[in-house]
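In: I need the structure of the sequence given here:
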Amino acid sequence: MMNLLAVNFHYFREEKYQGGIYPVSKIELKKQIDEIAKSYRFIAQNEVIDLLKNKQQSNKNYCVITIDDGLKEQMQAFDFLNEMGVPSILYVPTYPLQHKKVLDVHKLHYVRTKMNDNDLYDLLNEEYQIDQIKFDDAALANQYRYDSVLSRKVKYFLNFSLSPAQKEKAIDFFFSKLVEDEQDFAHKLYMNDADLIKLAKADSLGSHGENHLPLATLTPQKAALEITNATQYLESITHKKITSFSYPYGGKDAVNDSIPILFDATDIEFAFTMWRGLNDEHDFQNQPYLLKRIDTNDAPGGKNNSLEYSLSKHD
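Out: Residues are numbered from 1 along each chain as shown. Got it, this is the predicted structure:
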């Protein structure tokens, strides 16, 4: 019986924050990789494709390390993982690289490192009467399982409840108070073309869409453009085919069963959600574009100290 565990990371920094983002340090990454290695064999992107096509021995327990968002700091983690002999796939959204603009999701992350969620909630409530909204507690918990109830409401409201124009206006209101030069901020925050080429040569580059939008909230036409525009840009820079995709946000409100058909016109072989769980032969054969994945917190050696995905022996 084959099992594939996909573990997802975002920020890699030594600095810690009270809110907003929760970076993984070098020591924490090394400790977690060592713990995962007790139960799984790490595999690369091409090996995942081999599993899909039954070209790889499938009676093993495998793990693939994924890193979302195309942040410059992730290149150091990529190099560090390589030094340990651990492959990874880095999923990059293309709009920030093309336009030297900061994505709303990262503006919000930055704002939340500088302002506490109580203040954000109060300001949003003044403008949008967020107190009057009846949130779906299950949806909040599914999308933001690691946050407080109030933080979940702030993030869900900004990412899913507002129209794109309303969302941009609200987040820019906070972000502009903290950052004077967005282009310089974006230049420092995101990867560049040389990074993309380096990742592509190592078969470690994947697509994270164009604008980092939850595809299930878009029309099929707009969702298809999010996929194809991003893929075409990455391929134009690297001259390599892009063969995998990571859904922005990745939860049940961001991905649905109608999305996989959008990959038919691409070279994408598989895609990762953030639906929690292990993948087995059934997933590979029936839904390679809806593969499950877990956050670093829930993986062996993660902050939650969970044993859910630790296996009894290393095959």
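
In: for N82, list the residues it contacts.
Out: Shown in contact with N82 (Cβ atoms under 8 Å, 6 or more residues apart in numbering): A202. For glycine as for every other residue, the C-beta is placed from the backbone atoms N, C-alpha and C.

In: buried by neighbour count: which residues of stretch 206-224 qualify?
Out: Neighbour counts over stretch 206-224 (16 or more other Cβ atoms under 10 Å) mark 206-216, 218, 223-224 as buried.

In: contacts only, for V102.
Out: 96, 110, 175, 179, 182, 185-186, 189.

In: can you show me the helices along the stretch 101-250 of the chain?
Out: 104-114, 117-128, 137-143, 149-156, 164-178, 182-189, 193-201, 220-238 (DSSP state H, counting those that start in this stretch).

In: now those in JSON lines, with mean pLDDT?
Out: Output for the helices of the stretch 101-250 of the chain, formatted as JSON lines (pLDDT from 0 to 100):
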{"stretch": "helix 104-114", "mean pLDDT": "92"}
{"stretch": "helix 117-128", "mean pLDDT": "88"}
{"stretch": "helix 137-143", "mean pLDDT": "89"}
{"stretch": "helix 149-156", "mean pLDDT": "91"}
{"stretch": "helix 164-178", "mean pLDDT": "88"}
{"stretch": "helix 182-189", "mean pLDDT": "97"}
{"stretch": "helix 193-201", "mean pLDDT": "98"}
{"stretch": "helix 220-238", "mean pLDDT": "97"}
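
In: wait, which of these is closest to V64?
Out: Of all the helices of the stretch 101-250 of the chain, it is helix 193-201 that lies closest to V64, at 14.7 Å by Cβ to Cβ.

In: who are the packing partners of that closest one?
Out: Counting contacts by 3 or more Cβ pairs under 8 Å, 6 or more residues apart in numbering; DSSP states H and E, helix 193-201 packs against helix 74-83, strand 88-92, helix 220-238.

In: okay, these, which one's buried deepest?
Out: Highest mean neighbour count among the helices and strands packed on helix 193-201 (mean count of other Cβ atoms under 10 Å): strand 88-92, with a mean of 26.

In: export the helix or strand following that one to CSV, keeping only CA atoms.
Out: Downstream of strand 88-92, the first helix or strand assigned by DSSP states H and E is helix 95-99. Extracted in CSV, the C-alpha atoms of helix 95-99 (Å, rounded to 0.1, in the frame of the first residue of the first chain):
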residue,chain,number,x,y,z
TYR,A,95,1.7,38.5,-10.7
PRO,A,96,4.2,39.9,-8.2
LEU,A,97,7.1,38.9,-10.3
GLN,A,98,5.6,40.4,-13.5
HIS,A,99,4.4,43.7,-12.0
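
In: and helix 95-99, how far from the chain's centre?
Out: The chain centre lies 17 Å from the centre of helix 95-99; the measure is Cα atoms, centre = their mean, to the nearest Å.

In: quick check, S246 in contact with L205.
Out: No: at 11.1 Å, S246 does not count as touching L205 under the criterion of Cβ atoms under 8 Å.

In: shared neighbours, the two?
Out: Both S246 and L205 are in contact with I89, where contact means Cβ under 8 Å, 6+ apart.

In: what's the domain layout of the protein?
Out: 3-99+186-295, 104-178 (automatic domain parsing).

In: most packed of these?
Out: domain 3-99+186-295 (a mean of 18).

In: sorry, back to before: need the domains of the chain in CSV with distance to L307, can you?
Out: What follows is these, written out as CSV (distance: least, Cβ to Cβ, whole Å):
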stretch, distance to L307
domain 3-99+186-295, 10
domain 104-178, 17
